[in-house]
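**Student:** No sequence on hand, only this structure:
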C-alpha cells in the first residue's frame, strides 16, 4: 500500500518589519504566545541575530544621547 503525502510548503520568511517588531517586543519582554509561535516558524536565526544587534546598538545610542542631554 502506497501512502501519498501532500507536499509540505515551507513557511514564508519574515519581512524586515516583522523581524523588527518581534525584536522590539522581545526587548520589552511582552509577547503573545500566538505571535511567538508564528515568529518562531518564519524568522530565521540570522534575521534574529542581525535585528537583535541593530536593536541593541539603537538602544545603547539612544541611552547615551538621553544621558548626555540630561547631564548637559
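**Tutor:** That came in fine, so what should we check first? On a predicted model such as this, the values are computed, not experimentally measured, just so you know. Numbering: from 1, shown residues only.
**Student:** Any stretches of the chain with poor pLDDT?
**Tutor:** 1-11 (pLDDT under 70).
**Student:** What ranges does it have for its helices?
**Tutor:** Secondary structure of the chain by DSSP state H: the helices cover 16-28, 33-42, 45-71.
**Student:** Just put these in TSV and tack on mean neighbour count.
**Tutor:** Placement of C-beta: from N, CA and C, glycine included. Output for the helices of the chain, formatted as TSV (neighbours: other CB atoms under 10 Å):
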stretch	mean neighbour count
helix 16-28	15
helix 33-42	12
helix 45-71	11
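**Student:** Could I get the phi/psi values of residue 15?
**Tutor:** For residue 15, the backbone dihedrals (degrees, to the nearest 10) come out as phi -80, psi 170.
**Student:** Distance-wise, check it relative to residue 22.
**Tutor:** 11 Å (CB to CB, to the nearest Å).
**Student:** gap between stretch 64-72 and the chain center?
**Tutor:** Chain-centre distance of stretch 64-72: 28 Å, with CA atoms, centre = their mean, to the nearest Å.
**Student:** Isn't residue 19 up against residue 43?
**Tutor:** Yes: with contact defined as CB atoms under 8 Å, residue 19 counts as touching residue 43 (5.6 Å).
**Student:** Would you enumerate the residues in contact with residue 50?
**Tutor:** Shown in contact with residue 50 (CB atoms under 8 Å, 6 or more residues apart in numbering): no residues.
**Student:** Distance check, it against residue 71.
**Tutor:** 32 Å.
**Student:** Please apply the same query to residue 54.
**Tutor:** Here the distance between residue 54 and residue 71 works out to 26 Å (CB to CB).
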